[in-house]
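Asks: Take a look and give me a structure for this.
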Amino acid sequence: MAAGGFCKLPNGTVVVALNLPSPAPASAGSVRFLVHAQNRARALTRLRNLGLRSVYLRGNAAPPTPDEITAVLHHPDGLIWRTAPVAGAVGGPDLVQELWHPIRALLRRPTAQT
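Replies: The predicted model follows:
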């Protein structure tokens, strides 16, 4: 089940955070996406246009943290991801060991080797 949420910023834009299954074929984990857009509908449309077709935001169970909002606001694309922390992991879910990545790093197709 995908968790997600949003935060409306003082300038009227929103930051949407979604935990989704990884679109990478070799990965079985989940990925946390952060999207900065004019409104929630546009944020979800940006993800759908990248091939994540069944993206919906129901409720506000996992809104972006202040650190996540800062990260997405400082990225030129306004769309970043990282592996979602696993609940119950050693060190707890708040222990983040991975940096944020631009979306093109996740959706990059593997090159054919001959």
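Asks: show me what contacts the closest residue to A17 other than its chain neighbours?
Replies: Nearest residue to A17, sequence neighbours excluded (C-beta to C-beta, 6 or more residues apart in numbering): P64, at 4.0 Å. C-betas here are computed from N, CA, C, even on glycine. Residues in contact with P64, defined by C-beta atoms under 8 Å, 6 or more residues apart in numbering, are 5-7, 15-17, 34, 72.
Asks: Mind doing that once more with 6 Å?
Replies: 7, 15, 17 (C-beta atoms under 6 Å, 6 or more residues apart in numbering).
Asks: How about the secondary structure of L106?
Replies: When classified by DSSP: H, G, I helix; E, B strand; the rest coil, L106 comes out as helix.
Asks: can you tell me which residues contact the nearest residue to it once chain neighbours are set aside?
Replies: Sequence neighbours aside, W81 is the residue nearest to L106 in space, at 5.5 Å (criterion: C-beta to C-beta, 6+ apart). Each residue near W81 by C-beta under 6 Å, 6+ apart is listed here: 31, 33, 101, 106.
Asks: Equivalent analysis for N19, please.
Replies: 2-3, 30, 32, 84.
Asks: So for the worst-scoring helix or strand of the chain on mean pLDDT, what gets flagged as buried?
Replies: Of the helices and strands making up the chain, the lowest-confidence element is helix 103-107, at a mean of 74, by mean pLDDT, DSSP states H and E. Residues 103, 106 are the ones in helix 103-107 that count as buried (16 or more other C-beta atoms under 10 Å).
Asks: tell me which residues form a beta bridge with H36?
Replies: Counting by DSSP bridges, H36 is bridged to V15.
Asks: How many residues are close by it?
Replies: For H36, the neighbour count with other C-beta atoms under 10 Å is 23.
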